[in-house]
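Asks: test case, fold it:
(one chain, ligands or ions: 1)
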Amino acid sequence: MAATATERKLLIGGEWVETGDWREVRSPYSNDVVGHVATAGAKEAKLSIAAAERAMRAPLPAHKRAEILVKVAGLLGRRHDEIARVISEEAGKPLKQAKVEVSRAMSTYTFAAVEARKLAGEMVPMDASQAGEGKLAFTLLQPVGIVGAISPFNFPLNLVAHKLAPSLAAGCAVVLKPASQTPLSALLLAELETEAGLPPGWLNVIVGPASEIGDVLVEDDRVKAISFTGSSDVGWRLRERAPRKKVLLELGNSTPVIVQGDADLDVAVEKLAVNSFSFAGQSCISTQRIYLQKWIADDFMSRFIPKVEELVVGDPTEEATDVGPVVDDGARERIIEWIDEATKEGATILTGGSVLEGRLIRPTVLGNVDLGMKVCREEVFGPVVTVDSYETLDDAILLANGTRYGLQAGIFTDSLPSALRAAQRLRFGGVTVNEAPTFRADQMPYGGVKDSGNTREGPAYTVRELSEERVVVVDF
Ligand code: NAP
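Replies: Numbering: from 1, shown residues only. Take a look at the predicted model:
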């Protein structure tokens, strides 16, 4: 039976399944019910793994996998604005950013289709050693096995796409547990995959209590890889509990950016004002710490604050909105608490610092900060940036590197040597130059070091992570 827009069943073994237990999905902005989803538990998780195992007994050829992936990209395009609305409603993401997310998911599927067609091992030069003389050897890339995928609320479509599309490209069946706040986009994507011709069992989507489903994925030996995107503490705990599985972690950050005295300030101000607050700072690479070279700090701030104050804060389903709500009351209270704590420790509120209404927090800029404060040291995941100044580039790099995170960082400068020095010394998975560190294109190798993760996403990279190399030796 086809799923409907507001009432979504679970996908298990190619069937849309009811469990008799429904949960509401509510808009973070209005608190209106925007959907109902069937709720799964350990039983459905086990059924899903069994369905995935059955599916993988009949491998799909690469051309078929690629064909399905391309079709999904097309279907996303055909229903682009409708899907953007679903994202906006369930995540509270401003519509214009939700539209970008749908376009990016199309891109993710398109790149995964390319990878499916070119996935191949390599020849081993056997006569390069005495032992190999008279032998021919090559490697085959085999799918690692069933992937247990766990995704966060903040990119409910494209971060699910980054799990589903490369898994299929690599020939792996998936059991997906999307975030409880945002299951509708994931289930809609599952509907598109089935419409594109995905045979039963290759994708199973279950929504329900995180630890119950997580426990099954961790404990079941048939699940060979766990692909997790979410907060650092949850991610690393999962990895500790699954030492025999591949556990791919895409985690949080406290994103720094350095603005050198020789930078084009108009460009830096424009990019940072927007990228520090889009989706209310709820992106893993939302700019959080701005470091300004001392002698341009006043000039930068006199242009930056008015730009921040121009941002339209409000209803995410309105086309004009730049900054929507944070995801729930708990997030709002935590963020306000962190701001208050910082001000008690000496920080100054340069703009914002309070709740506008409901879960809307005014875009907030804090000065007089130091790395000991939570707003710098930890991931705020809210519309808050801190600003500090420095004397030399090496001082700035030290500050930028001064947290447990290492996902992405940025530098604005007109000097090539400064840019290259920063690129070499910033201990992050990615460094942007003259671009906000919030930038990501979906084909990039994207992921963190330190507490921010242990893998790289981007279809070409994920497909490799989800493949096992098997060497074949032929005596001739
Ligand atoms: P989260 O609370 O860690 O949740 C992420 C996912 O993990 C959700 O599906 C959640 O399920 C599930 N989960 C929670 N506890 C679990 C457990 N014990 N066992 C198994 N699964 C569990 O993170 P979030 O608030 O949704 O997302 C924000 C975080 O994600 C931020 O830290 C952000 O930086 C990070 N993030 C990283 C990237 C990246 O690519 N590096 C991208 C986006 C976001 P429920 O929803 O049911 O609780």
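
Asks: ok, now which ones touch the residue of the stretch 1-150 of the chain found nearest the ligand?
Replies: Nearest residue of the stretch 1-150 of the chain to the ligand: I150, at 4.7 Å (C-beta to the nearest ligand atom). For every residue, glycine as well, the C-beta is placed using N, CA and C. Neighbouring residues of I150 by C-beta atoms under 8 Å, 6 or more residues apart in numbering: L176, K177, A210, G214, L217, I226, S227, F228, T229, G230, L238.

Asks: among those, which are located in strands?
Replies: Among the contacts of I150, the ones falling in strands (DSSP state E) are L176, K177, I226, S227, F228, T229.

Asks: got JSON lines for the residues you listed, with distance to the ligand too?
Replies: Listed next are the ones in strands among the contacts of I150 as JSON lines, based on distance: C-beta to the nearest ligand atom, whole Å:
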{"residue": "L176", "distance to the ligand": "9"}
{"residue": "K177", "distance to the ligand": "6"}
{"residue": "I226", "distance to the ligand": "9"}
{"residue": "S227", "distance to the ligand": "11"}
{"residue": "F228", "distance to the ligand": "7"}
{"residue": "T229", "distance to the ligand": "5"}
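
Asks: now the phi/psi pair for the residue positioned nearest the centre of the chain, please.
Replies: The residue lying closest to the centre of the chain (C-alpha atoms, centre = their mean) is L159, at 4.9 Å. Dihedral pair for L159: phi -80, psi -20, per degrees, to the nearest 10.

Asks: isn't it right up against P152?
Replies: Yes. Using C-beta atoms under 8 Å, L159 makes contact with P152 at a distance of 6.3 Å.

Asks: list residues touching both of the two?
Replies: T229.

Asks: got the contacts of I150 as JSON lines, with neighbour count, pLDDT and distance to V267 columns?
Replies: Shown next, in JSON lines, are the contacts of I150 (neighbours: other C-beta atoms under 10 Å; pLDDT from 0 to 100; distance: C-beta to C-beta, whole Å):
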{"residue": "L176", "neighbour count": "28", "pLDDT": "98", "distance to V267": "39"}
{"residue": "K177", "neighbour count": "27", "pLDDT": "98", "distance to V267": "40"}
{"residue": "A210", "neighbour count": "14", "pLDDT": "97", "distance to V267": "41"}
{"residue": "G214", "neighbour count": "21", "pLDDT": "97", "distance to V267": "43"}
{"residue": "L217", "neighbour count": "27", "pLDDT": "98", "distance to V267": "44"}
{"residue": "I226", "neighbour count": "24", "pLDDT": "98", "distance to V267": "40"}
{"residue": "S227", "neighbour count": "27", "pLDDT": "98", "distance to V267": "35"}
{"residue": "F228", "neighbour count": "28", "pLDDT": "98", "distance to V267": "35"}
{"residue": "T229", "neighbour count": "26", "pLDDT": "98", "distance to V267": "30"}
{"residue": "G230", "neighbour count": "21", "pLDDT": "98", "distance to V267": "32"}
{"residue": "L238", "neighbour count": "21", "pLDDT": "98", "distance to V267": "40"}
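
Asks: so, low pLDDT: which residues of this protein?
Replies: 1-5 (pLDDT under 70).

Asks: thank you, goodbye.
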